[in-house]
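1. Okay, here's the prediction I keep looking at, along with the sequence it came from:
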Amino acid sequence: MQRVKLGASEIEVSEICLGTMTFGRQTDEAEAHAQMDMALQAGITFLDCAEMYPVNPIRRDSIGDSERIIGSWLARTGHRDRVQIATKITGPSQIVNDSQPFDGAAVTRAIDASLVRLGTDRIDLYQLHWPVRGSYAFRQSWNYDPSGQNRERTLDHMRDVLAALAAGVKAGKIRAAGLSNESAWGLTRWIDMAEAGGGPRMAAIQNEYSLLCRPYDTDLAEVAVNEDVTLLAYSPLAAGLLTGKYQQGAVPSDSRAAVDRASGGLGNLGGRKTERALQAVAAYLELAAGAGWDPVHMAISWQLTRPFKLVPIIGATSVVQLDHLIAGLGRRMDRDLAKTIDRLNKAHPLPF
């Protein structure tokens, strides 16, 4: 498997990342350990987590369990020096932190708590999960209103947080910093503040990106290319939509939609499962079949054709699903198929 550097940092990771947000919920500890064993054998050395995981649903009594499972795997295998670990501090969350925005002091506490749960002395990439000023991620773009933001308050917040991240780097607790669910303006300001001497430069941004979700292609891509920032693309299969398992009204019993519905949610995959999205999926499934591709492998391989630095984050609830994902990672997409995908994107824009 090829290796890539995160932004301008010295951190080298596998070109595919294993997401761990189901570890401790849909994926029990033994299955999670088996997944990490399988991923490492396939050359995937990059693991992504967050203090709030596992999800679907997020519960106070399980916060940090995904990190603990990674920690127990590291303790069992001794593989800490073979992997790169990313994790995150949560933004304002009613469940995790009583909706309180984080500051520099909270970042310091969160880093220390993650280190304990992970059972390690360092975090390779420490990310800010949500901007405290708000975000248009997760279908919030339809009524996004930034008019209540205060520029100077935001910049003061950035200075405070960057100072805490700088202290974490100096102490050897973290190696690099990154963002998540950020905008082009936010990414630019974080970089400007860091270059003014405020702290570490952001090496990565973790935003949603898939065949069905492509807002990143414009302003954010331009910033990332010019400022050397790597996209960590979450939900590359659009929460499972691109597998085709939800077509014709199907809802598999062990699927994310079924689990969400059983927990009192809407079962609409965070707003992704719309009629237009299902129509777009049908078009991509037809394209994959005609081109001789598994749709899952096509969706991941397409990401590696993009004209900016990108690491897809794959996730699975079972080793069977992960084995299927891994089986297609060596296949590269040709330019003609990528161009056809761009034409389908024009025909099915922003389906959720």
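-> Looks like it arrived, so ask away.
2. hey, where'd the strands end up in the chain?
-> Under the criterion DSSP state E, the chain contains strands at 3-5, 12-14, 17-19, 46-48, 84-89, 123-128, 174-180, 202-208, 230-234, 310-314.
3. mind checking which of these is nearest residue 221?
-> strand 230-234 (7.9 Å; Cβ to Cβ). Heads up, the C-betas are built off the backbone N, CA and C, glycines and all.
4. Of all the strands of the chain, which one comes closest to residue 280?
-> Residue 280 sits nearest to strand 202-208 of all the strands of the chain, at 15.2 Å, using Cβ to Cβ.
5. contacting residues around residue 256?
-> 26, 56, 239, 240, 269, 317 (Cβ atoms under 8 Å, 6 or more residues apart in numbering).
6. before we move on, back to that, which one of the strands of the chain lies nearest to residue 188?
-> strand 202-208 (9.9 Å).
7. Flag every buried residue along that closest one.
-> Residues of strand 202-208 classed as buried: 202, 203, 204, 205, 206, 207, 208 (neighbour count, 16 or more other Cβ atoms under 10 Å).
8. Okay, the third one and residue 342: tell me how far apart.
-> To tie it back to what came earlier, the one meant is residue 204. 25 Å (Cβ to Cβ, to the nearest Å).
9. do residue 329 as well
-> 22 Å.
10. Which one's more surrounded, those two?
-> Remark: of residue 329 and residue 342, residue 329 carries more neighbours, 20 against 11, as counted by other Cβ atoms under 10 Å.
11. And for the residue nearest to that one when sequence neighbours are not counted, the neighbour number?
-> Closest residue to residue 329 apart from its sequence neighbours, by Cβ to Cβ, 6 or more residues apart in numbering: residue 16 at 6.1 Å. Residue 16 has 25 neighbours, counted by other Cβ under 10 Å.
12. Need the phi and psi values for residue 16.
-> Main-chain torsions, residue 16, degrees, to the nearest 10: phi -120, psi 140.
13. one step back: let me have the strands of the chain in CSV, extended by mean pLDDT.
-> As requested, the strands of the chain are exported to CSV (pLDDT from 0 to 100):
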stretch, mean pLDDT
strand 3-5, 98
strand 12-14, 98
strand 17-19, 99
strand 46-48, 99
strand 84-89, 99
strand 123-128, 99
strand 174-180, 98
strand 202-208, 98
strand 230-234, 99
strand 310-314, 98
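14. Quick check: which of those strands is nearest to residue 249?
-> Nearest to residue 249, of the strands of the chain and by Cβ to Cβ, is strand 202-208 at 24.5 Å.
15. From the contact counts, what lies against the closest one?
-> When contacts are defined as 3 or more Cβ pairs under 8 Å, 6 or more residues apart in numbering; DSSP states H and E, strand 202-208 sits against strand 84-89, strand 123-128, strand 174-180, helix 184-193, helix 219-227, strand 230-234.
16. Generate a markdown table for these, with distance to residue 75 and mean neighbour count as supplementary columns.
-> A markdown table is the format used below for the helices and strands packed on strand 202-208 (distance: least, Cβ to Cβ, whole Å; neighbours: other Cβ atoms under 10 Å):
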| stretch | distance to residue 75 | mean neighbour count |
| --- | --- | --- |
| strand 84-89 | 14 | 25 |
| strand 123-128 | 16 | 25 |
| strand 174-180 | 20 | 25 |
| helix 184-193 | 34 | 19 |
| helix 219-227 | 36 | 17 |
| strand 230-234 | 26 | 24 |
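17. Need the ones you listed in TSV (columns: distance to residue 73).
-> Converted to TSV, those look like this (distance: least, Cβ to Cβ, whole Å):
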stretch	distance to residue 73
strand 84-89	11
strand 123-128	15
strand 174-180	20
helix 184-193	31
helix 219-227	31
strand 230-234	21
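18. nearest residue to the residue nearest the centre of the chain other than its sequence neighbours?
-> Residue closest to the mean C-alpha point of the chain, counted by Cα atoms, centre = their mean, is residue 234 at 3.5 Å. Nearest in space to residue 234, with sequence neighbours left out and distances taken as Cβ to Cβ, 6+ apart, is residue 313 at 4.9 Å.
19. now residue 124
-> Using Cβ to Cβ, 6+ apart, the closest residue to residue 124 is residue 84 (4.2 Å).
20. picking that back up, distance of the residue nearest to residue 234 from residue 171?
-> 27 Å.
21. how far away is residue 66 from residue 132?
-> For residue 66, the distance to residue 132 - Cβ to Cβ - is 23 Å.
22. That should have said residue 79, apologies.
-> For residue 79 relative to residue 132 (Cβ to Cβ), the value is 34 Å.
23. Between those two, tell me which one has more neighbours.
-> More crowded of residue 79 and residue 132, by other Cβ under 10 Å: residue 132, with 18 against 14.
24. burial count for the nearest residue to that one once chain neighbours are set aside?
-> If the residues on either side of it in the chain are set aside, residue 132 comes closest to residue 101, at 3.7 Å by Cβ to Cβ, 6+ apart. By other Cβ under 10 Å, 13 other residues sit near residue 101.
25. same question, residue 242
-> 25.
26. who's in contact with the closest residue to it other than its chain neighbours?
-> Excluding its sequence neighbours, the residue lying closest to residue 242 (Cβ to Cβ, 6+ apart) is residue 299, at 4.7 Å. By Cβ under 8 Å, 6+ apart, the contact list for residue 299 reads 210, 211, 236, 237, 242, 284.
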